[in-house]
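Colleague: Got a predicted model here, sequence first, then my questions.
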Amino acid sequence: MKRLFVLLFLLAVGSTLYAQEEGFLNFQDAYSFKSKINSYYNLGSNFAENIEVHVWGSIEKRGTYRIPKTTSLVELFSFSGGLTQEAQIEDLRIVRKDTLNPGMSKIIIVNYDDIFNEEKMEDAGSVNVSLQDGDIIIVPTSRSWWSDIRFVTTIISFVSAITSLVLVINRTK
């Protein structure tokens, strides 16, 4: 009976730690599992040409967006609820099909702060990139001190749970 209890306990702890490490359980963000699921947002116009773009990463509403062709990157971020606090804003990436080399893609790197920089606003086309059909916008997540030690704290939690279980079993003998 004790072995069954220990096995079930280890299974529960292990699956919880795995889910937490994979990001399915985030106790600070109650809807984090739901937010991992991509959605389709139709914001297109019936009276204008529309394109579809994909938004991945540290953005509030990830997914595929059907938007008017004239939509800018800043407008897309506005539609998608904005960047999260963990967003690495100096390294936004747009993956775009290369029209000169079929089957190849090019990566455009954009610094979000540059979009609102007065000196760079004169050449707004180079900063606030126009989007094209099939673009993939990737907003990387910056590493925080918590993400660096999360693995260590997960292991410590697991070891302390096992130690507590062993102590309880030994005391009941």
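Modeller: That came in fine, so what should we check first?

Colleague: In the protein, what helix or strand scores lowest on average pLDDT?
Modeller: Sorting the helices and strands of the chain by mean pLDDT, DSSP states H and E puts helix 32-35 at the bottom, at a mean of 40.

Colleague: Give the next helix or strand downstream of that one.
Modeller: strand 39-42 (DSSP states H and E).

Colleague: So which bits of that next one are buried?
Modeller: residue 41 (16 or more other CB atoms under 10 Å). In this view, the C-beta of every residue, glycine as well, is placed from N, C-alpha and C.

Colleague: what lines up beside that strand in the sheet?
Modeller: strand 63-68 (parallel) (DSSP bridges).

Colleague: Report the buried residues of the partner strand.
Modeller: Per 16+ other CB under 10 Å, strand 63-68 contains these buried residues: 65, 67.

Colleague: what sits up against the helix or strand just after that strand?
Modeller: Downstream of strand 63-68, the next assigned helix or strand under DSSP H and E is helix 73-79. Helix 73-79 is contacted from outside by 41, 43, 53, 55, 59, 61, 65, 67, 71, 83, 92, 94, 110, 115, 128-129, 131, 137, using CB atoms under 8 Å, 6 or more residues apart in numbering.

Colleague: And the buried ones among the residues you listed, selectable in PyMOL?
Modeller: A single PyMOL command is used to select the members of these judged buried by 16+ other CB under 10 Å:
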select buried, resi 41+53+55+59+65+67+71+83+92+94+110+115+128+129+131+137
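
Colleague: which ones among the contacts of helix 73-79 are found in strands?
Modeller: 41, 53, 55, 65, 67, 92, 94, 110, 137 (DSSP state E).
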